[in-house]
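In: please work out how this folds:
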Amino acid sequence: GARAPFRPAGGGSAVKLQCVLVLSVLVLGCYSPPPPRGREAGPPPPRETVDSPDERTRLLQQPTLSEEEFVRLVELGNPEIQAALLDVDAAAGRRRQAGLLPNPVLLANLEEAPASSDRLGEGKFTAGLGYPFPIGGRIGAASHAAEKERQAWEASARTTRLETLTEARQALYACFYARQLAGLEEEVRAL
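Out: Numbering: from 1, shown residues only. Below you'll find the predicted structure:
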């Protein structure tokens, strides 16, 4: 009689099990849980800019300003504060980008390219699409590092804002003091 081909016991299921394990490792290595909403949102950045210059124009056109209006005008027009806020925005963008999966890569390879153009079809050309799978929680780690960077830029922007506004207030108080001294001198002269 005819014999059946030899099959090792459980051989097919062992291959299936290996495939499932490899796929599981790849999928779990790519997974990084999203950060909790409360932590991701965090405190709002010190966003004090205005999309339109209407507020700044309005403040500049006023004949007199209160202390709060003066401080707001300094805040809107100071390039150091605006640059610090742009750094916070850029860091927030890098944070969003770090949490995304990598882009696929188009691969192309030409081997044994013929020297003459009449034999161009004889070369070996290979093309494909590659997709990098980050494993080991790398996306989560990159997101965490980018979030820490964003928080550092946010703290730096707050510090820059506070220093600039403190200097502006000191200058304003110095002007008030000089004005009061000038008024006292006029009163003394009038006596």
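
In: rest of the way, CA atoms for contacts and neighbours
Out: Noted.

In: quick one: the helices in the chain?
Out: 11-30, 37-41, 54-61, 67-77, 79-98, 138-190 (DSSP state H).

In: which pLDDT value goes with the closest residue to A98 other than its chain neighbours?
Out: Residue nearest to A98 in three dimensions, not counting chain neighbours: S143, with 5.1 Å by C-alpha to C-alpha, 6 or more residues apart in numbering. For S143, the model assigns a pLDDT of 88.

In: next one: L191
Out: Looking at L191, its pLDDT stands at 75.

In: out of the helices of the chain, flag the one nearest F125.
Out: F125 lies closest to helix 11-30 among the helices of the chain, at 29.0 Å (C-alpha to C-alpha).

In: would you point out the helix or strand in this protein whose mean pLDDT is lowest?
Out: The least trusted helix or strand in the chain, going by mean pLDDT, DSSP states H and E, turns out to be helix 37-41, with a mean of 43.

In: one step back: how near is the residue nearest to A98 to L85?
Out: Per C-alpha to C-alpha, to the nearest Å, S143 is found 20 Å from L85.

In: switch the helices of the chain over to a markdown table; also include distance to E122 and mean neighbour count.
Out: Formatted as a markdown table, the helices of the chain follow (distance: least, C-alpha to C-alpha, whole Å; neighbours: other C-alpha atoms under 10 Å):
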| stretch | distance to E122 | mean neighbour count |
| --- | --- | --- |
| helix 11-30 | 37 | 12 |
| helix 37-41 | 56 | 9 |
| helix 54-61 | 68 | 13 |
| helix 67-77 | 66 | 16 |
| helix 79-98 | 43 | 18 |
| helix 138-190 | 43 | 15 |
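
In: quickly, which of these bottoms out on average pLDDT?
Out: Mean pLDDT is lowest for helix 37-41 out of the helices of the chain, coming in at a mean of 43.

In: quick one on the thing from earlier: give the contact list for the residue nearest to A98.
Out: Contacts for S143 (C-alpha atoms under 8 Å, 6 or more residues apart in numbering) come out as R95, R96, A98, G99.

In: just give the closest residue to A142, not the sequence neighbours.
Out: Using C-alpha to C-alpha, 6+ apart, the nearest residue to A142 is A98, at 5.6 Å.
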